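J.: Below are the sequence and a predicted model; questions follow.
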2 protein chains.
Amino acid sequence: MTVHIIVDEARYTDIMEPVKVRAPSIRDVARIAGVSYQTVSRALNDSENIKSSTKERVLEVVEQLGYRPNQAARALVTSRSRTIGVLTSQVAHYGPSTSLQAIEEAAREAGYLITTTSLATSDYYAITDRLEHLMSQAIEGLVVIAPQVRVFDAIRELDIRIPLVTLDSTGRNDNSSLSVDQISGARLATRHLIDLGHRDIIHLAGPQDWIEAEARMRGFLDEVIEADLNVRAPILGDWTVDFGYHVGRELTRFRDFTAVFAANDQMALGLIHAFRDAGLDVPRDISVVGFDDIPEAAHYWPPLTTVRQDFVEIGRRSIALLLGELGGERNRHHDQISPELIVRDSTAFRR
Amino acid sequence: MTVHIIVDEARYTDIMEPVKVRAPSIRDVARIAGVSYQTVSRALNDSENIKSSTKERVLEVVEQLGYRPNQAARALVTSRSRTIGVLTSQVAHYGPSTSLQAIEEAAREAGYLITTTSLATSDYYAITDRLEHLMSQAIEGLVVIAPQVRVFDAIRELDIRIPLVTLDSTGRNDNSSLSVDQISGARLATRHLIDLGHRDIIHLAGPQDWIEAEARMRGFLDEVIEADLNVRAPILGDWTVDFGYHVGRELTRFRDFTAVFAANDQMALGLIHAFRDAGLDVPRDISVVGFDDIPEAAHYWPPLTTVRQDFVEIGRRSIALLLGELGGERNRHHDQISPELIVRDSTAFRR
DNA sequence: ACGACATATGTGACCGTACACATCATTGTC
DNA sequence: GACAATGATGTGTACGGTCACATATGTCGT
């Protein structure tokens, strides 16, 4: 019995191995349908001049053979890959990953595929390496989410000539860009604290080399200076909740402040945790504002006052911009999305 | 002056327009380097039989021309796309997006690119549509993260013959799979509550059509039945924090339970929020356990008892499995990753 | 000095598709 | 009923690489 099975398997491989299991090509379809390969092509790309009965017959054969057009061949001859590259940092964060998903959906609807590559570190070599990696795939357009400062240098250096959309709030680049107005978002948050009577406000910023972090910091500083408060140097964080917690522990040793504006919700959560550990109540003793309005923010304790960004909209608009450029749109667009202050319970009047 | 510039520009376009700005091909490189295109190919694919001086010269020209091999052409002739497809649901969640990032990194190191497509809904048509979409790109392998039940049906139906790795804890499929042992993870959580003296435990599950949700539910039921407690039908959730909150509000109307095991950390957070709103203290009045151990879980109030999954490891191992199959590994592997119970402050002895 | 052999380089064919153009079939017009 | 106009289909070629094989060059022992 066992022997039989083994023999069977052996015979199987003997027979199967030499048979080229090549996928059916357009010519196979043509032959079976009794037409020329060009006619098959017409049937597939719903061209004008084809009799509907022919088209039907061809599509039947296509179905029957499980024929799939070879994209590589198509890309080769049309020099269109129908692929958009996305360079993103830290996809594991809520914002970028939400935008990424929206981008993928919008791109798919337009018939594009997304190739993603992410940036764990921010060193220049890694950035160029990822960009090269994407470019080698003949992507037709590039979206950069959550960009770091050096990304722009790398793009310039590599002389990337394809349509490019970035989330750039600085406006200092000549590609199309979509900016959530981080500066005004940060100003809203800061102004809110000032309006509540706070005079000693600390800013827990994101990493210096992130464009968004930089913009939020600038918004904070602008507002603080305008209100003529004394300016404290922001603390540079790394976006993580753990970092927020550690900073919070340090800060409680001094208590020379009554409010903190964190550059994202995660760090705000860490801060609140540390303050509570030290016996400080938020918002009674210290007010905390976050940034992003991730879905959990409303359910933190206390529910977090924060600045909402519409990440889905960001993703959609990025692709809309990119498709515009791919469609031959000449001039660069600078779309703006406005963030919104969401007041919850982590902020209160200064006592 | 102005006129001059305009004239110059006009001439520029006149001259430039007809010139095909085609990217340099391997033959261009060959011509300039004074060798045959085959030699260029050898230089690029570091083949054995090439004089190092020739190779050097060729690579210099490659650099100078900014030549990039056309992947479409290469894919066409080798029928290798060097691309791995990833089908993922709800990338915006921490787990999947973390795994995705790890997958991308691991794949990149092995010289593969990742093409992602995500599944917002779970309807069958959407699934086959996405799979078709991926298959049309001639991906060499497929990874399915956070799979839904119907994904397997779709894969079978579409007769997908490429190497496939799924996160499947059921073991009922014949592809290679990687299973975080969700069942034992859920049992750990449930056992922990039972050990604390809880007798009336509610399970807030994930959506029924998710494999992971199903497995966690089974683990919960197994443990409850084994301990001979009366079995309550789990509540089916949707993974979101808002849903957790609403369920929590409903539950407080009855209070015929002392503990809840939520199928993920977000829903656990929502529950806790609702309980607090109703004047119930966690863990004094009600114990809550989550699942995943997202980075924020340790900083929730109270810090959340939960079951840790190593999402990065999941991503890495998936690719390792897939690369194994791509490398000609014959037999299917079923790798297992064990989750771990992390006890924090959201659970306490039943009073 | 010669063949034997290894090393280095060149040539032809092919992968599967789309485009331009050629050809054949059909229809309407006077 | 001849002819142009239009519709439907077929043929040749190019896209940019890799592979298999052919050829040129160099190295060695006898």
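T.: Here it is on my side, so go on. None of the values given here were measured: they were computed from a predicted structure.
J.: okay, CA-based contacts and neighbour counts for the rest of this
T.: Will do.
J.: Can you pull the phi and psi angles for the closest residue to DNA strand C within the stretch 201-350 of chain A?
T.: Checking the stretch 201-350 of chain A residue by residue against DNA strand C with Cα to the nearest atom of the strand singles out residue A:327 as nearest, at 14.8 Å. Dihedral pair for residue A:327: phi -80, psi 10, per degrees, to the nearest 10.
J.: for residue A:201, same thing?
T.: Per degrees, to the nearest 10, the backbone of residue A:201 is at phi -110, psi 130.
J.: Name whatever forms a beta bridge with it.
T.: Beta-bridge pairing of residue A:201 under DSSP bridges involves residue A:259.
J.: Who are the contact partners of it?
T.: A:193, A:232, A:257-261 (Cα atoms under 8 Å, 6 or more residues apart in numbering or on different chains).
J.: could you check the distance from it over to DNA strand D?
T.: 57 Å (Cα to the nearest atom of the strand, to the nearest Å).
J.: What's the separation between that residue and residue A:210?
T.: For residue A:201, the distance to residue A:210 equals 22 Å [Cα to Cα, to the nearest Å].
J.: again with residue A:204
T.: 14 Å.
J.: Could you do residue A:185 as well?
T.: In terms of Cα to Cα, residue A:185 sits 16 Å off from residue A:210.
J.: Tell me the secondary structure at the residue of the stretch 51-200 of chain A found nearest DNA strand C.
T.: As assessed by Cα to the nearest atom of the strand, DNA strand C sits closest to residue A:69 within the stretch 51-200 of chain A, at 3.2 Å. Three-state assignment for residue A:69 (DSSP: H, G, I helix; E, B strand; the rest coil): coil.
J.: Could you double-check that it lies in contact with residue A:28?
T.: No - the pair residue A:69 / residue A:28 is not scored as a contact, 11.6 Å apart, by Cα atoms under 8 Å.
J.: so where do the strands sit in chain A?
T.: With strands called from DSSP state E, chain A shows them at A:83-89, A:113-119, A:141-145, A:164-167, A:176-180, A:201-205, A:235-236, A:259-262, A:287-289, A:306-308, A:334-337, A:340-342.
J.: Go through the ones you listed and find the least confident stretch.
T.: Here the lowest mean pLDDT among those goes to strand A:176-180, at a mean of 78.
J.: And that strand, what does it pack against?
T.: strand A:164-167, helix A:311-326, strand A:334-337 (3 or more Cα pairs under 8 Å, 6 or more residues apart in numbering or on different chains; DSSP states H and E).
J.: Adjacent strands (with direction) for that strand?
T.: strand A:164-167 (parallel), strand A:334-337 (parallel).
J.: related to what we said a few turns ago, between residue A:185 and residue A:210, which one's more packed in?
T.: residue A:185 (25 against 18; other Cα atoms under 10 Å in any protein chain shown).
J.: which residues does residue A:108 contact?
T.: residue A:114.
J.: one step back: out of the strands of chain A, which gets nearest to residue B:301?
T.: strand A:287-289 (15.5 Å; Cα to Cα).
J.: ok, back up a step: what is the burial count for the residue of the stretch 51-200 of chain A closest to DNA strand C?
T.: 18.
J.: Okay, it and residue A:26: tell me how far apart.
T.: For residue A:69 relative to residue A:26 (Cα to Cα), the value is 7 Å.
J.: overlap in contacts of the two?
T.: The contact sets of residue A:69 and residue A:26 do not overlap (Cα under 8 Å, 6+ apart).
J.: Can you tell me the closest non-neighbouring residue to the closest residue to DNA strand D within the stretch 101-250 of chain A?
T.: Distances between the stretch 101-250 of chain A and DNA strand D by Cα to the nearest atom of the strand are smallest at residue A:136, namely 10.0 Å. Nearest residue to residue A:136 in three dimensions, chain neighbours excluded: residue B:68, at 6.3 Å (Cα to Cα, 6 or more residues apart in numbering or on different chains).
J.: of the contacts of residue A:201, buried ones?
T.: Neighbour counting over those (16 or more other Cα atoms under 10 Å in any protein chain shown) leaves A:193, A:257-261 as the buried ones.
J.: and which of these is nearest to residue A:216?
T.: Closest to residue A:216, out of all of those and judged by Cα to Cα, is residue A:261, at 9.9 Å.
J.: how about that closest one, what does it touch?
T.: Going by Cα under 8 Å, 6+ apart, the list of residues near residue A:261 reads A:189-190, A:201-204, A:268, A:288-290.
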